[in-house]
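Asks: Got a predicted structure here, sequence first:
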Amino acid sequence: MLSVPTLWTVFVINFLALGLIWAYVARSYPAFDAARFWTGSAFAAAAGASSAMLRAVMVDTLVPLLVAGTLLVFAACLAAMGVKRFYGQNVLWRDTVLLSGLTFAGLSVFIFAYDSMPMRILIYTLAQVAPIALALKLLLSPDNGRITPGARLAGVVSALIIGIYVLRLVGALVQPGEISFIRFSAGQSLVILLLVFLSMALNFGFLLMAMDRLRNEVADLALLDDLTGVGNRRHLVQRLTEECARSDRSGEPFALLVIDLDGFKGINDTHGHAAGDACLQHFTLMAQTRLRPGDMLARTGGDEFCIVLPSSTLREGAMIARRVLEVCRADAEQCTGRDIPIAVSIGVAQWTREVGQHPDRLIAAADHALYDAKKGGKNGFATYEPAPALAPDMVDLVEAALRKRA
């Protein structure tokens, strides 16, 4: 059986290593708030374990035990706060301070006023389990429709830690005096080693959660336009491919708008590229006010934009195009002084069976309509109307005429 100082030394080294890892993560990703709480939790647990080590040396006083219990509860609260921040929830320091203070007060009563180890273990267990149980609820709740592998691991480990604390409490109540911080039995040594292992597994789960979140953020950035914040060409092609496949299965149409800012080159040449960028951003904001939930705006390059309209006909696409034109015209009428009016031309096309699962065909159709809008004087829209299929008798007449000419 390992000695008491050895066990607590392992505990301290474990949490110090975890604290350094989280400190590095927090420094490398300043916007990742949860890492700061998990850093504090690891170092607070290391400090609590260090105080518990002193109890093995200072056998005449229980003060190190009081400090250790309070710090370990504080560490559990910080870990739970990190989980809440990870899921975008507000954290209240008041609750953490209150629970840590109540733990300190409760342990003090049953150390100095009335010496009772079972009551100390009861207070410590309840204080430890409360924040872990609250975090467990979040970890096992679907985030964006799914539970990530890291959250599932952290949730399972949290449940095991709660189980160990509950069993330890039952043992302390059934056999008072058998559990001691300075005279460990083989069972107690096993419990401490399990808690060391589970604490590492819990933080590994947190790391997996962080990696999954950061990977998703990188993936999102790869699909967004840096200037306007809307989808880029890659995102557009991905969405169009999905919509074409869905329409090919169901036969339900959808519409695509291709938009070009009129005279954008002149804006860049006259007012500079910074003014051109501001125009692109302003148009993005205006266009988004006229879209419906589920519609997608993307910038495909330069001054070109596309809007995907799921479950929409050509007529509905024309209606959205008219709305976008109206908001741009209204904004241009209010321009004064050095304000730059924005005018756009729009081509509208609808998915058909001929398009099938080839989004490039739909883009070509919308581009054709855009060209018609440009020819019509710009600052307007045009729709792509595919030529109607010829009747069989008309096909025979056309073929006969061609043979005659030949």
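Replies: On my side now, so go ahead.
Asks: right, and the helix or strand after the strand or helix carrying Cys279?
Replies: Using DSSP states H and E, Cys279 sits in helix 273-288. Sequence-wise, the next helix or strand downstream of helix 273-288 (DSSP H and E) is strand 296-301.
Asks: pLDDT on the longest helix along the chain, on average?
Replies: Counting by DSSP state H, the longest helix found in the chain is helix 186-222. Mean pLDDT, computed over helix 186-222, is 83.
Asks: and that helix, what does it pack onto?
Replies: helix 4-28, helix 33-57, helix 63-86, helix 149-174 (3 or more C-beta pairs under 8 Å, 6 or more residues apart in numbering; DSSP states H and E). Placement of C-beta: from N, CA and C, glycine included.
Asks: Next SSE downstream of that helix?
Replies: Reading on from helix 186-222 to the C-terminus, the next helix or strand found by DSSP H and E is helix 233-250.
Asks: List the pairing partners of the helix or strand that that following helix is followed by within its sheet, with orientation.
Replies: As assigned by DSSP H and E, the chain's next helix or strand after helix 233-250 is strand 255-261. With DSSP bridges as the test, strand 255-261 is paired with strand 304-309 (antiparallel), strand 344-350 (antiparallel).
Asks: neighbouring contacts of the last one?
Replies: Which is strand 344-350. Strand 344-350 is contacted from outside by 253-262, 283, 312-314, 317-318, 321, 324-325, 328, 362, 365-374, 378-384, using C-beta atoms under 8 Å, 6 or more residues apart in numbering.
Asks: Could I get the CA-only coordinates of the following helix or strand past it as PDB?
Replies: Heading C-terminal from strand 344-350, the first helix or strand you meet, by DSSP H and E, is helix 359-375. The C-alpha coordinates for helix 359-375 follow below in PDB (Å, rounded to 0.1, in the frame of the first residue of the first chain):
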ATOM      1  CA  PRO A 359     -25.200  23.200 -59.200                       C
ATOM      2  CA  ASP A 360     -22.900  24.700 -62.000                       C
ATOM      3  CA  ARG A 361     -25.900  24.500 -64.400                       C
ATOM      4  CA  LEU A 362     -28.100  26.500 -62.100                       C
ATOM      5  CA  ILE A 363     -25.400  29.100 -61.600                       C
ATOM      6  CA  ALA A 364     -25.000  29.300 -65.300                       C
ATOM      7  CA  ALA A 365     -28.700  29.900 -65.700                       C
ATOM      8  CA  ALA A 366     -28.700  32.600 -63.100                       C
ATOM      9  CA  ASP A 367     -25.600  34.200 -64.700                       C
ATOM     10  CA  HIS A 368     -27.500  34.300 -68.000                       C
ATOM     11  CA  ALA A 369     -30.400  36.100 -66.400                       C
ATOM     12  CA  LEU A 370     -27.900  38.500 -64.800                       C
ATOM     13  CA  TYR A 371     -26.500  39.300 -68.200                       C
ATOM     14  CA  ASP A 372     -30.000  40.100 -69.400                       C
ATOM     15  CA  ALA A 373     -30.500  42.400 -66.400                       C
ATOM     16  CA  LYS A 374     -27.300  44.200 -67.300                       C
ATOM     17  CA  LYS A 375     -28.400  44.600 -70.900                       C
END
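Asks: Which elements pack onto helix 359-375?
Replies: Against helix 359-375 (3+ C-beta pairs under 8 Å, 6+ apart) you get helix 233-250, strand 255-261, strand 344-350, strand 381-383.
Asks: and the third one, average pLDDT?
Replies: By that I understand strand 344-350. Averaging pLDDT along strand 344-350 yields 95.
Asks: In the helix holding Cys279, which of the residues would be classed as buried?
Replies: For helix 273-288, burial by neighbour count (16 or more other C-beta atoms under 10 Å) applies to Gly276, Cys279, Leu280, His282, Phe283, Thr284, Met286, Ala287, Gln288.
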